[in-house]
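S.K.: quick check, what structure comes out for this input:
(chains A and B)
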Amino acid sequence: MKKRKSLRFPWKEIFIYLSLALSVVPFYIILNNSFRTTELFISNPFSLTNSLSFHNYVYAFERMNYLNAIFNSFLITLFSVTLIVLTASSAAYFLLRFKWRINKIIFAVLVSAMIVPFQAIMIPLVSIYGSLNALNNKWILIFMYMGFGQPFAIFLCHGFIKNIPLELEEAALIDGCNHVQSFYNIVLPNLKPILITLLILDVLWIWNDYLLPSMILLSPMQRTLPLSTYSFFSTYSVDFTPLMASLVMTILPVLVLFVLGQKQIVKGVVQGAIK
Amino acid sequence: MSNMKLHKKMGLFLVFAGPALFAFISVLLLPLIQGVVFTFTDWNLVSDKFSFIGLQNYQTVFRDREFIAQFLLTIKYVLYSSVLSNLAAFTLAYLLTSGMRGQNLLRGAFFLPNLIGGIVLGYIWKFIFSNVLTQLGKSLGIEVLSTSFLTHPQRAIWAMIIVTVWQYAGYLMMIYIAGFVAIPQETQEAADLDGAHGLSRLLRITIPLMVPSFVICLFISISRGFMTYDLNLTLTNGGPFGSTQLAAMHVYQKAFLAKQYGIGQAEAIVLFIVVALISVTQVMLTKKLEVEA
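M.R.: Presented below is the predicted three-dimensional model:
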């Protein structure tokens, strides 16, 4: 048996490594050429860089206002995700544990809203918040993410709270906890695994989102990372290699995150899809 | 918890569910309702006055040859990219659960594109299609590659499909891997004892047991395909000559560039209904399969 295995033609390995090359080469080409000049890139995109010149990076860093953009992205993601996680978990708890008939209706509306594509809302959204003079404001955008994030987040927590034994909470209530205390001390710690899943999915969504912020954040100083990448590309479209440096810098933060928490991220993304 | 006083219950409702529902209603529910109502009017974002015009907007949408053509193009894009990405994903998942050396690292590498937004992926592949592949085609003498896919009206949609497959294969692969791992060891061993190896085991045992994973993956790729916007914007921007403008981008152009808000909104509702029908079918299929399993 063992001999046969070692002698067989390694078609599996060949297939996997060919696919791997297809999957990674685009990133490699961008990274390699981000250290070269546009003339060299056009004459031969494959030849290796012979210097680690960060000239393109400095240029892109300044022109795309990188620090400002990454700060905006960070702030918006942090606040939106925190608000979604806190408000959705407590709402799911209420909808499940307090037996009002209307709770079932509210939950049904929330779940159905999960299938609404953003395109069906964006036109009235811009019109309503435009007429309230509420555009061009980070905090309004954060509030919008908080609203758009609810259906999926409540759905996810609802399914999970169902499986937490009621006795724990009842014991806490008998011991003199009120509902708010019993939620924060008993329910929330038990929700940790599902909240991590939710956190990962929402961070990836909000960090990479383009369409919604492009309609809300109008002034250059408000731009998030995807917005500033887009405007950098539209303004400096002739000089290719600084653009590549900007792509590398845009990818870098998520890449760091992925290296740090690959297992959790993959688990979260799969959980979110299966649920 | 049922014998609590009503006003106390109301208070708890406001504390626990108030913030969530307030945000949900003001950014999602109300705009959606307004959006649906406005498709039956001659509303135009600027003036406050509008009157009901019945189904006129929808009639305009279904008579708009350009919209119909782009909707059909979207269906073509969705079909090809879903079938191909699922095929690639299943193959990768099959091979990367067979105990290959370094399989966790390999899985991570294939998954990587899914962490990055469509805007960035579109730009990366724009360089690949217009500069790198053309250079490769010229130096190797491959005719097809020597001119960019992105400047060719028939081939540009394939650029979209290729990048979509490249991106989603690694994501769907992870879901298929979860499916493979969930097949009980005993089932595999029993199949082995009964003489089912290799391909026949894959076809007769593994694939039937993985039907739920197929349903999830197909529907994820289909419904996301219909909403593709970011990649469309930066890879082809709908071009050349509008040959790759997908439905979601058409809605945006109609509303915000052509300023035909009512018609753009009606198109968005058509898109919504299509996506909703797909999702409802998925839920029903999944329930049916759960009963049978």
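
S.K.: find the closest residue to chain B in the stretch 151-275 of chain A.
M.R.: For the stretch 151-275 of chain A, the residue positioned closest to chain B under C-beta to the nearest C-beta is residue A:208, at a distance of 3.1 Å. In this view, the C-beta of every residue, glycine as well, is placed from N, C-alpha and C.

S.K.: closest to the centroid, which residue in chain A?
M.R.: The central residue of chain A, meaning the one whose C-alpha is nearest the mean C-alpha position (C-alpha atoms, centre = their mean), is residue A:204 at 1.3 Å.

S.K.: can I take it that it is in a helix?
M.R.: Yes. Remark: residue A:204 belongs to a helix, assigned using DSSP: H, G, I helix; E, B strand; the rest coil.

S.K.: surely it and residue B:115 touch.
M.R.: Yes. Using C-beta atoms under 8 Å, residue A:204 is in contact with residue B:115, at 6.4 Å.

S.K.: and the stretch 51-200 of chain B, which of its residues are near chain A?
M.R.: Remark: the part of the stretch 51-200 of chain B in contact with chain A comprises B:88, B:91-92, B:95-96, B:98, B:100, B:106-120, B:123-125, B:127-128, B:131-132, B:135-136, B:166, B:169-171, B:174-175, B:177-178, using C-beta under 8 Å from any C-beta of the partner chain.

S.K.: pull out the buried members of the residues you listed.
M.R.: Among these, those that count as buried by neighbour count (16 or more other C-beta atoms under 10 Å in any protein chain shown) are B:88, B:91-92, B:95-96, B:106-120, B:123-125, B:127-128, B:131-132, B:135, B:166, B:169-171, B:174-175, B:177-178.

S.K.: buried residues, the strand or helix carrying residue B:158. List them.
M.R.: Using DSSP states H and E, the element containing residue B:158 is helix B:156-182. Neighbour-count burial for helix B:156-182, counted by 16+ other C-beta under 10 Å, picks out B:156-157, B:159-180.

S.K.: likewise stretch B:193-210?
M.R.: Of the residues in stretch B:193-210, those buried by neighbour count under the rule 16+ other C-beta under 10 Å are B:196, B:201, B:205, B:206, B:209, B:210.

S.K.: how about the helices of the stretch 51-200 of chain B, start to end?
M.R.: Ranges of helices in the stretch 51-200 of chain B, per DSSP state H, counting those that start in this stretch, are B:56-63, B:65-95, B:103-111, B:118-127, B:133-140, B:143-146, B:156-182, B:185-193, B:198-201.

S.K.: as a markdown table, those with mean pLDDT would be great.
M.R.: Supplementary listing: the helices of the stretch 51-200 of chain B in a markdown table, determined by pLDDT from 0 to 100:
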| stretch | mean pLDDT |
| --- | --- |
| helix B:56-63 | 90 |
| helix B:65-95 | 94 |
| helix B:103-111 | 90 |
| helix B:118-127 | 94 |
| helix B:133-140 | 88 |
| helix B:143-146 | 82 |
| helix B:156-182 | 94 |
| helix B:185-193 | 79 |
| helix B:198-201 | 78 |
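
S.K.: wait, which of these is closest to residue A:42?
M.R.: helix B:133-140 (8.0 Å; C-beta to C-beta).

S.K.: report the angle between the closest one and helix B:118-127.
M.R.: 20 degrees (axes from the mean of the first three to the mean of the last three C-alpha atoms, to 10 degrees).

S.K.: now do helix B:133-140: which elements does it pack against?
M.R.: Packed against helix B:133-140, as judged by 3 or more C-beta pairs under 8 Å, 6 or more residues apart in numbering or on different chains; DSSP states H and E, are the following elements: helix B:143-146.

S.K.: which outside residues touch the helix it packs on?
M.R.: Taking C-beta atoms under 8 Å, 6 or more residues apart in numbering or on different chains as the criterion, the residues outside helix B:143-146 that touch it are B:133, B:134, B:136, B:137, B:138.

S.K.: pick the one among those closest to residue A:256.
M.R.: Among the contacts of helix B:143-146, and counting by C-beta to C-beta, the member closest to residue A:256 is residue B:133, at 29.8 Å.

S.K.: so where is the stretch 1-150 of chain A shaky, pLDDT-wise?
M.R.: Low-confidence regions of the stretch 1-150 of chain A, defined here as pLDDT under 70, cover residues A:1-7.
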